[in-house]
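[1] Show me the folded form of this:
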Amino acid sequence: MHPGPLNLITDVPGLKVGNAEDRQLKSGTTVLTADQPFTAGVHVMGGAPGTRETDLLAPDKSVAQIDALVLSGGSAFGLDACSGVVAGLHAAGRGFAVGPARVPIVPGAILFDLLNGGDKAWAENPYSALGRAAYMAADRQFALGTAGAGTGALAARVKGGLGSASFVLPDGTTVGALVAANPLGSVTTPGDRHFWAAPFEINGEFGGAGVDPASGFTTPAPSLKLASMQKLAADAAIPAEGSNTTIAIVATDAPLTKSQCQRLAIAAHDGIGRAIVPAHSPGDGDLVFAVSTGDPGAATTGGELGADLGEIGHAAALCLSRAIARAAALACPEPGDLLPCWQKS
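    Predicted structure coming up:
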């Protein structure tokens, strides 16, 4: 396997990603879409998810394909970004046909970035406008690090962010990942120099610091994120529950059914567990969407746990680990930050 030409999820043919952010707000939205509807599934492993229309992605539900996916900051307020994307798709004549009406199908997930030093005293919820702006900006090239849904993201010890990575498999199948990394856990080993995902790094894509030569890690370093949030809230007791989350999308051009997409999402969660310690906690809303741009009618329905899907799931998990590390490695410092960037740590 080797990275695609962009080393982004948009190496998967047909996909586009757009970002929109507000630097004073320290938050933003990221949208994945395509010129044609695509098949998708989802799997949640965190204890505090925030979602919209994810039930539709279950294999037994009637909607076969969707028009876009949204990753957003803003906690529950950020779910309104999906409404902005729906408005943009509707204006473009896109959506699920119900007689003469068309209803854009836009599932989404959010992360908590309400206590990160940004100005949250808005008079009107800004996320619908951010969602529509991100949809309008969708293209094959897009920014990583402090961008889109990762604008205000924080990990336990350093800033989080938006990350992406891709692989091309030996048979030509392309797999990619997109992530907004805002976890309770740490993306770096104790000392904050080496990434947990270091064994999977390709060509120095997240700084080339290599694998931590130390071993025996059992106790995480104290969370600078939680301490900073408590200080920002005048030393109030800030619970870990609901104040974090890593949300991601993995994608492939292999033709998959909805149930196979769900299996791909499950496999991809391994990438979170390899790149973030601890992961999938009660205080995280860890969620992975899985997307196939291939013709679902061409999917092999027998043997859904077969070698081909297994290889795609393995590649997706590796891409997601790499994307998480890239998210933090490419984060940049901004006024009012609560945590240092990995590049400055």
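
[2] Could you use CA atoms for every contact and neighbour count after this?
    Noted.

[3] show me where this structure has strands.
    15-22, 27-44, 51-52, 66-72, 96-98, 101-103, 108-110, 161-168, 174-181, 246-252, 287-292 (DSSP state E).

[4] Tell me the neighbouring strands of the last one, and mark each as parallel or antiparallel.
    If you go by DSSP bridges, strand 287-292 pairs up with strand 27-44 (antiparallel), strand 246-252 (parallel).

[5] C319 against T174, yeah?
    No - counting by Cα atoms under 8 Å, C319 does not reach T174; the two are 10.9 Å apart.

[6] any shared contact partners between these two?
    Counting by Cα atoms under 8 Å, 6 or more residues apart in numbering, the common neighbours of C319 and T174 are 166-167.

[7] who's more crowded, these two?
    Higher neighbour count among C319 and T174: C319, with 30 against 26, using other Cα atoms under 10 Å.

[8] Against L169, how distant is the more buried one?
    12 Å (Cα to Cα, to the nearest Å).

[9] With G78 instead?
    For G78 relative to L169 (Cα to Cα), the value is 35 Å.

[10] what's the average pLDDT for stretch 154-174?
    Averaged over stretch 154-174, pLDDT sits at 95.

[11] nope, stretch 67-83 is what I was after
    Regarding stretch 67-83, the rounded mean pLDDT is 96.

[12] Check stretch 21-37 too.
    When pLDDT is averaged along stretch 21-37, the result is 96.

[13] what's in contact with that stretch?
    The contact list for stretch 21-37 (Cα under 8 Å, 6+ apart) reads 14-20, 65-74, 78, 81, 85, 113, 116-120, 127, 130-131, 134-135, 138, 147-153.

[14] neighbour-wise, which of G78 and L169 wins?
    G78 (31 against 16).

[15] show me the contacts for that one.
    By Cα under 8 Å, 6+ apart, the residues touching G78 are 29, 72, 110, 127-128.

[16] quick one: the helices in the chain?
    Along the chain, counting by DSSP state H, helices occupy 81-91, 127-136, 224-232, 258-275, 307-329.

[17] between those, which gets nearest to P213?
    helix 258-275 (16.5 Å; Cα to Cα).

[18] Kindly spell out which helices and strands sit in contact with that closest one.
    Helix 258-275 sits against strand 27-44, strand 246-252, strand 287-292, helix 307-329, with contacts defined as 3 or more Cα pairs under 8 Å, 6 or more residues apart in numbering; DSSP states H and E.

[19] What is the burial count for the closest residue in space to R132 that isn't next to it in sequence?
    Spatially, and ignoring its direct neighbours in sequence, R132 is nearest to G84 (4.3 Å; Cα to Cα, 6 or more residues apart in numbering). G84 has 22 neighbours, counted by other Cα under 10 Å.

[20] Could you do the one 5 residues further on as well?
    Summarising burial for L89: neighbours were counted as other Cα under 10 Å, giving 23.

[21] ok, so what distance separates it from E53?
    Counting by Cα to Cα, the separation of L89 from E53 is 16 Å.

[22] Show residues contacting stretch 4-15.
    16-17, 32-36, 139-141, 164-168, 174-178, 250-253, 293.

[23] make it 7 Å
    Taking contacts as Cα atoms under 7 Å, 6 or more residues apart in numbering, the residues outside stretch 4-15 that touch it are 16, 32-35, 140, 164-168, 174-178, 251-253.

[24] Same check on stretch 88-108?
    With contact meaning Cα under 7 Å, 6+ apart, stretch 88-108 is reached by 51-54, 66-71, 79, 82, 86, 132, 135.

[25] OK, contacts around the residue nearest to R132?
    Applying Cα under 7 Å, 6+ apart, we find G84 in contact with 128-129, 131-132.

[26] Tell me which residues of stretch 254-270 come out buried.
    Within stretch 254-270, the residues scored as buried using 16 or more other Cα atoms under 10 Å are 254-270.

[27] And the closest residue to L115 other than its chain neighbours, how far from D337?
    By the measure of Cα to Cα, 6+ apart, the closest residue to L115 outside its immediate chain neighbours is M229, 5.9 Å from it. Distance, M229 to D337, by Cα to Cα: 11 Å.

[28] So which of the helices and strands packed on helix 258-275 is nearest K344?
    Nearest of the helices and strands packed on helix 258-275 (Cα to Cα): helix 307-329, 9.8 Å.

[29] Can I get that closest one in PDB, CA atoms only?
    Listed next in PDB are the C-alpha coordinates belonging to helix 307-329 (Å, rounded to 0.1, in the frame of the first residue of the first chain):
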ATOM      1  CA  ALA A 307     -10.600 -11.000   2.700                       C
ATOM      2  CA  ASP A 308     -11.300  -8.100   0.400                       C
ATOM      3  CA  LEU A 309     -13.400  -6.200   2.900                       C
ATOM      4  CA  GLY A 310     -10.900  -7.200   5.600                       C
ATOM      5  CA  GLU A 311      -8.100  -5.600   3.700                       C
ATOM      6  CA  ILE A 312     -10.100  -2.400   3.100                       C
ATOM      7  CA  GLY A 313     -10.900  -2.300   6.800                       C
ATOM      8  CA  HIS A 314      -7.300  -2.700   7.800                       C
ATOM      9  CA  ALA A 315      -6.300   0.100   5.400                       C
ATOM     10  CA  ALA A 316      -9.000   2.400   6.700                       C
ATOM     11  CA  ALA A 317      -7.900   1.900  10.300                       C
ATOM     12  CA  LEU A 318      -4.300   2.700   9.300                       C
ATOM     13  CA  CYS A 319      -5.400   5.800   7.400                       C
ATOM     14  CA  LEU A 320      -7.400   6.900  10.400                       C
ATOM     15  CA  SER A 321      -4.400   6.600  12.800                       C
ATOM     16  CA  ARG A 322      -2.300   8.600  10.400                       C
ATOM     17  CA  ALA A 323      -5.000  11.200   9.900                       C
ATOM     18  CA  ILE A 324      -5.300  11.700  13.700                       C
ATOM     19  CA  ALA A 325      -1.600  12.300  14.100                       C
ATOM     20  CA  ARG A 326      -1.600  14.600  11.000                       C
ATOM     21  CA  ALA A 327      -4.400  16.600  12.600                       C
ATOM     22  CA  ALA A 328      -2.300  17.400  15.700                       C
ATOM     23  CA  ALA A 329       1.000  17.700  13.800                       C
END
